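> here is my input; please provide its structure:
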Amino acid sequence: MSRLILALFVFGVVVGASAEERNTKDGSWCTMSAPVTVSPGDAFEVKISVKADAIPAATKLWVGLHPFINGARKPTGAYNRPGQALAAGAAGEHTFSFKTPGKDGLQALAVVVWVSPTGGWGDKTKSGGMGIKVVAKQAGAEADKPASEAGAAKADKPAKPEQAANTPAPANPPAKGALPAERLQARGGLPNLAAKLAKGEDIDVVFIGGSITVQGGAKTGYVTAVNEWLQKTYPKSVIRVHNRGVSGTNSDFGAKRFERDVLSENPDLVLIEFSVNDLKRDMKRSMERMVQKAWRHDPSIDIVIFYTLHKDQLPSYAAGTLPKSASSHETVAIHYNVPTIAPAQVAAAQINAGTLAWDAFGKDACHPTAQGQALFGEVLVTGLTELLTVGTPGEHALPDLITGMSFDNPGPELKPLTDKPGVYSLPVPNVNWGYDPAFKSTDGAVVWRASWMPRNKGGRLDASVGADAKLWLERDMTWVTDMRGFSGPHGMALFRPYGSGVGLGAAHNEIGVVRFVAPKAGAYVVNMSSSKLPKHPMALNVLHRVAGADTAASIALVRSDKQADKKLTSSTSVNLAAGDEVVIVADTRAPPYLGSLWPNLSVEITAQ
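Purely as a prediction, here's the structure:
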């Protein structure tokens, strides 16, 4: 799991899970242990075993809980515990006690662990996280009764043995709208890919999905298995396999980034994996959007949709049906005659039959172990081998849309700025600025540039953030039409329209940076304003970079938590040579799993 929170949870209440089970996550600097499930009001412990020599200097260890309510993608509040002292280089176990909040609709808790001398997220040196599912207590459960009462009414009956970990899941009736679960649905096969491989042509294969696909790039992962099989089986072709998984994201985000992350590789085969992160939702629209985008770009692209497994989906597979998310994916696949492979069906059959223990298959509720990844790889390779024998080469036809919505999105028609001479307003993405991270004047000179820097180099909310220009000089943002804005490598919006102005901030592992390039030497005034402040602590650090320099000096710093009137008004003067830059860095202390944009921001730079 490469995200602290978003990739940790699947929302939904499970009744009857054992509160004694514990999850353990082994990281580079510590091992974390917490209950698999808790119920409202339960007391429980989070245990952190710090590894020897992992902490170079004396500091403190902190643990916090973030509750997720009613399926929300963001937590509501936090429950933090006082820090416990850590000696430099020392190993040891630390225990933090909590009580499960009694909030209505509480479905999951994020355990966030970090190392910091002050407890602030901005000066952390280590961090990690794991998830706990909140479950309902069974009404009238025998376990809730005193020992003298429990079983008294049934004293003449033998005790029911404890259910073994590998006991098959109970047979459930198929869910409404559920489709049959099969290892392979060949449909139109992969005829175009097969023809190209037979001729020894160069091939590009793209995997798109969530964190399970990210981890599929490991040594025993399924992305690696498919790559190795192709390279060995078709030595005459130059084969490039691209892993475009992004942790903690679903098919809606996959559709938004499809041009940038998939079509940019001009793929011959696209494999789509989102059945776990889509979980209990009907995602036909986003799945259809990806198929439409692929075949409008190149109708010869072959596509495979495949299904991975979440523990909560075992009953669906025991009933012989696909879970809700996969059923919606399968509906799209049927309509477009796209083949599907279900590694989840094979794994679930073994787990439900008791021949494969869940702990051997999964590291948590959804991420496979090395053994689980290897099993998925075997199923994919077997399925792809069969699909290469099916179908006739040619262009894939685009039938009528099943979601009844238009997927044509040519992008915005940009309007020119109407600034007076000597006034340089920050252009609004999707209105005045799009496609190119360099905004140019009518004479072709670059006036603004959208860049990004690593988020782990920020979080301090001080004048030092962004001062190392090497962090952002060669890192341009990328335009994403479906998001109406610019993003960093992970694809979340860093710079987009927001209210009466723009939103500039951080998302995933990136911090947004916008840069003004002085067209001529002289004195300038930098005015910034916003009628609204961000929800999380943020700072706008305004820096002056001399042309050609590797560093920049702060000339103004505004913090959201220092604005008493709940809005921003800032004015700063600076002397610039031609080619010098005014750089605005949007820093935040929001946890990495949360995006944070400074809203309604307007910037106007005026030559004096």
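> nearest residue to the middle of this structure?
With distances taken as C-alpha atoms, centre = their mean, residue 248 lies nearest the centre of the chain, 3.0 Å away.
> residue 290: what's it in contact with?
Counting by C-beta atoms under 8 Å, 6 or more residues apart in numbering, residue 290 makes contact with 208, 251, 254-255, 258, 262, 270, 272. (Each C-beta comes from the backbone N, C-alpha and C, glycine too.)
> same question but for residue 61, I mixed them up
Neighbours of residue 61 in contact, by C-beta under 8 Å, 6+ apart: 48, 50, 83-86, 94, 113-115.
> rerun at 10 Å
Residue 61 makes contact with 30, 48, 50, 55, 81, 83-86, 92, 94, 96, 113-116, 119, 126, according to C-beta atoms under 10 Å, 6 or more residues apart in numbering.
> just to be sure, residue 371 is in a helix?
Yes: secondary structure of residue 371 (DSSP: H, G, I helix; E, B strand; the rest coil): part of a helix.
> contacting residues for it?
Going by C-beta under 10 Å, 6+ apart, residue 371 touches 220, 356-357, 360-362.
> and it, how far is that from residue 235?
From residue 371 across to residue 235, the span is 29 Å (C-beta to C-beta, to the nearest Å).
> how far away from the center of its chain is the helix or strand bottoming out on mean pLDDT in the chain?
Among the helices and strands of the chain, strand 79-86 carries the lowest confidence by mean pLDDT, DSSP states H and E, at a mean of 77. Its chain's C-alpha centre and that of strand 79-86 lie 28 Å apart, by C-alpha atoms, centre = their mean, to the nearest Å.
> which outside residues touch it?
Defining contact as C-beta under 10 Å, 6+ apart, one finds that strand 79-86 is touched by 46, 48, 50, 54-55, 57-67, 92, 94-101, 109, 112, 114-119, 126.
> which of the residues you listed are buried?
46, 48, 50, 54-55, 59-67, 94, 96, 98, 100-101, 109, 112, 114-116, 119, 126 (16 or more other C-beta atoms under 10 Å).
> ranges for the strands of the stretch 501-608 of the chain?
501-507, 510-517, 522-530, 538-545, 553-559, 568-576, 581-588, 596-607 (DSSP state E, counting those that start in this stretch).
> for the longest one, buried residues please.
Spelled out, that is strand 596-607. Buried residues in strand 596-607, counted by 16+ other C-beta under 10 Å: 596-603, 605-607.
> can you lay out the strands of the stretch 501-608 of the chain as TSV showing mean pLDDT and distance to residue 396?
Below are the strands of the stretch 501-608 of the chain laid out as TSV (pLDDT from 0 to 100; distance: least, C-beta to C-beta, whole Å):
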stretch	mean pLDDT	distance to residue 396
strand 501-507	94	34
strand 510-517	97	35
strand 522-530	97	47
strand 538-545	97	46
strand 553-559	97	52
strand 568-576	96	51
strand 581-588	97	42
strand 596-607	96	38
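> among those, which is nearest residue 40?
Each of those has some distance to residue 40 by C-beta to C-beta; the shortest is strand 596-607, at 29.5 Å.
> partner strands of the closest one, parallel or antiparallel?
With DSSP bridges as the test, strand 596-607 is paired with strand 423-425 (antiparallel), strand 501-507 (antiparallel), strand 522-530 (antiparallel).
> from residue 592, how far off is residue 454?
Distance from residue 454 to residue 592, counting by C-beta to C-beta: 11 Å.
> which of these two has more residues huddled nearby?
residue 592 (22 against 14; other C-beta atoms under 10 Å).
> surely that one and residue 456 touch.
Yes: applying C-beta atoms under 10 Å as the test, residue 592 and residue 456 come out as touching, 8.2 Å apart.
> joint contacts of residue 454 and residue 592?
Joint contacts of residue 454 and residue 592 (C-beta under 10 Å, 6+ apart) are residue 509.
> note down every partner strand of the least confident helix or strand of the chain and its orientation.
Assessed with DSSP bridges, strand 79-86 is paired to strand 59-69 (antiparallel).
> how near is the closest residue to residue 463 other than its chain neighbours to residue 542?
Leaving aside its sequence neighbours, residue 463 sits nearest to residue 554 (C-beta to C-beta, 6 or more residues apart in numbering; 3.6 Å). Distance, residue 554 to residue 542, using C-beta to C-beta: 7 Å.
> which residues do these two both contact?
By C-beta under 10 Å, 6+ apart, the residues touching both residue 554 and residue 542 are 463, 466, 583, 585.
> for the second one, grab phi and psi.
In this entry, residue 466 is assigned phi and psi values of phi 90, psi 0 (degrees, to the nearest 10).
> wait, it touches residue 581, no?
No: using C-beta under 10 Å as the test, residue 466 is too far from residue 581 to be in contact (11.2 Å).
> okay, and the common contacts of the two?
543, 545, 552.
> surely the first one and residue 469 touch.
In this case it means residue 543. Yes: counting by C-beta under 10 Å, residue 469 is a contact partner of residue 543 at 8.3 Å.
> overlap in contacts of those two?
Shared contacts of residue 543 and residue 469, defined by C-beta under 10 Å, 6+ apart, are found at 513, 515, 551-552, 581, 583.
> OK, contacts around residue 239?
Residue 239 is in contact with 197, 201-205, 226-227, 229-231, 233, 268-269, counting by C-beta under 10 Å, 6+ apart.
> state the pLDDT value of it.
Here the pLDDT value assigned to residue 239 is 98.
> same check on residue 126?
Residue 126 is given a pLDDT of 87.
> what of the one 10 residues further on?
Model confidence at residue 136, expressed as pLDDT, equals 78.
> over to the one 3 residues further on?
Note on residue 139: pLDDT of 47.
> same check, this time on residue 51
90.
> show me the shaky parts of the stretch 251-400 of the chain.
Of all residues in the stretch 251-400 of the chain, none has pLDDT under 70.
> quick one: the helices in it?
Secondary structure of the stretch 251-400 of the chain (DSSP state H, counting those that start in this stretch): helices at 251-256, 258-261, 275-278, 284-297, 314-318, 324-336, 343-353, 358-361, 370-387.
> quick check: which of these is buried the most?
Among those, helix 275-278 has the highest mean neighbour count (mean count of other C-beta atoms under 10 Å), at a mean of 28.
> ok, residue 326 - contacts?
The neighbourhood of residue 326, defined by C-beta under 10 Å, 6+ apart, consists of 178-179, 181, 274-276, 278-279, 283, 305-309, 313, 316-317, 333, 340, 342, 344-345.
> relative to residue 499, how far out is it?
38 Å.
> and for residue 203?
From residue 203 across to residue 499, the span is 46 Å (C-beta to C-beta).
> which one of these two is surrounded by more residues?
More neighbours surround residue 203 than the other of residue 203 and residue 499, with 18 against 13 (other C-beta under 10 Å).
> now the strands for the stretch 101-250 of the chain?
Counting by DSSP E, counting those that start in this stretch, the stretch 101-250 of the chain has strands at residues 106-115, 126-134, 184-185, 203-209, 239-245.
> so which elements touch the longest one?
Helices and strands touching strand 106-115, as assessed by 3 or more C-beta pairs under 10 Å, 6 or more residues apart in numbering; DSSP states H and E, comprise strand 22-26, strand 30-35, strand 37-38, strand 43-50, strand 59-69, strand 79-86, strand 92-99, strand 126-134.
> pairing partners for that strand, with directions?
Partners of strand 106-115 in its sheet, by DSSP bridges: strand 59-69 (antiparallel), strand 126-134 (antiparallel).
> between those strands, which one is closest to residue 38.
Proximity to residue 38 (C-beta to C-beta) singles out strand 126-134 among those, at 5.8 Å.
> and that closest one, how far out from the chain middle?
15 Å.
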